[in-house]
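Visitor: I need the structure of the sequence given here:
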Amino acid sequence: MEIMKKLFIIIYLLANVFVLGACSDVESAGEPQPRVPRVEVESGTYYVQIVQENIDGVAFVYRWLDMETASKYVITLGLQVDDETFETIKVEDQSILTYDGVRELLFTNRQIMEYMKAFGLDGNEAQLSITLEAFQADGMPITSDVSKASKTSEINIILGPGIEVNPEQISNN
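Guide: Here you go, the predicted model:
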């Protein structure tokens, strides 16, 4: 019994020495690195195909990482008219903060058709751009040397047979 007790104490002491030795190998925890502020969106390209069966559905969900220092996000849709002309429409930021710091903004097919109408597009295909900008409370854009103040993605839109950009199809039936 006495031998078992001594053996247990020796094993216990050796285990503690190994644990302490393993912990002492780390010199320091290191210096925290500053987070580079940049706008990060989920996708650089979105594809929207609107047909009669999905006209009341979701076109896409625009997702981006929420920035702690951002007090305001500005979302704009753009259309390249020609080499020198670029038209834009502001989109109201109704995004919600979801899990793990991700913000989401839902676009429906009817909304996409409304934006096409606002730009004067009436064809079966269109290409728009969506730009996200983040601003601090003082109105200054959030930038850094290695990143841009905004992130622009493309939206490729195709209207299926029988779908037209007109008030009857855009309004909820």
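Visitor: C-alpha only now, for contacts and for neighbours.
Guide: Noted.
Visitor: point out where the protein drops to low pLDDT.
Guide: Under the criterion pLDDT under 70, the flagged ranges of the chain are 1, 15-38, 143-150, 167-173.
Visitor: beta partners for the most centrally placed residue in it?
Guide: Residue closest to the mean C-alpha point of the chain, counted by Cα atoms, centre = their mean, is Trp64 at 1.4 Å. For Trp64, the residues forming beta bridges with it (DSSP bridges) are Val41, Arg103.
Visitor: the protein: helices as residue ranges?
Guide: 2-23, 109-118, 167-170 (DSSP state H).
Visitor: how near is Gln94 to Lys151?
Guide: Taking Cα to Cα, to the nearest Å as the criterion, Gln94 is separated from Lys151 by 18 Å.
Visitor: show me which of these two is the more surrounded one.
Guide: Neighbours per residue (other Cα atoms under 10 Å) separate Gln94 from Lys151, with Lys151 holding more: 19 against 10.
Visitor: surely the more buried one meets Glu40?
Guide: Yes: between Lys151 and Glu40 there is a contact under Cα atoms under 8 Å: 7.1 Å.
Visitor: can you give me the strands for this protein?
Guide: Per DSSP state E, the chain has strands spanning 45-50, 58-65, 72-80, 86-91, 96-97, 102-108, 125-135, 150-159. These are given in chain order.
Visitor: dump those strands to CSV, plus distance to Ile3.
Guide: Below are these laid out as CSV (distance: least, Cα to Cα, whole Å):
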stretch, distance to Ile3
strand 45-50, 73
strand 58-65, 62
strand 72-80, 71
strand 86-91, 79
strand 96-97, 63
strand 102-108, 60
strand 125-135, 70
strand 150-159, 71
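Visitor: so which of those gets nearest Ala118?
Guide: Each of those has some distance to Ala118 by Cα to Cα; the shortest is strand 86-91, at 8.4 Å.
Visitor: and the closest one, what does it pack onto?
Guide: On a contact count with 3 or more Cα pairs under 8 Å, 6 or more residues apart in numbering; DSSP states H and E, strand 86-91 meets strand 72-80.
Visitor: direction included, what does the strand it packs on pair against?
Guide: Here strand 72-80 has these sheet partners by DSSP bridges: strand 86-91 (antiparallel), strand 125-135 (antiparallel).
Visitor: so how many other residues sit close to the nearest residue to Thr69 once chain neighbours are set aside?
Guide: Spatial nearest neighbour of Thr69, chain neighbours left out: Gln136 (6.1 Å); criterion: Cα to Cα, 6 or more residues apart in numbering. Residues lying near Gln136 (other Cα under 10 Å) number 16.
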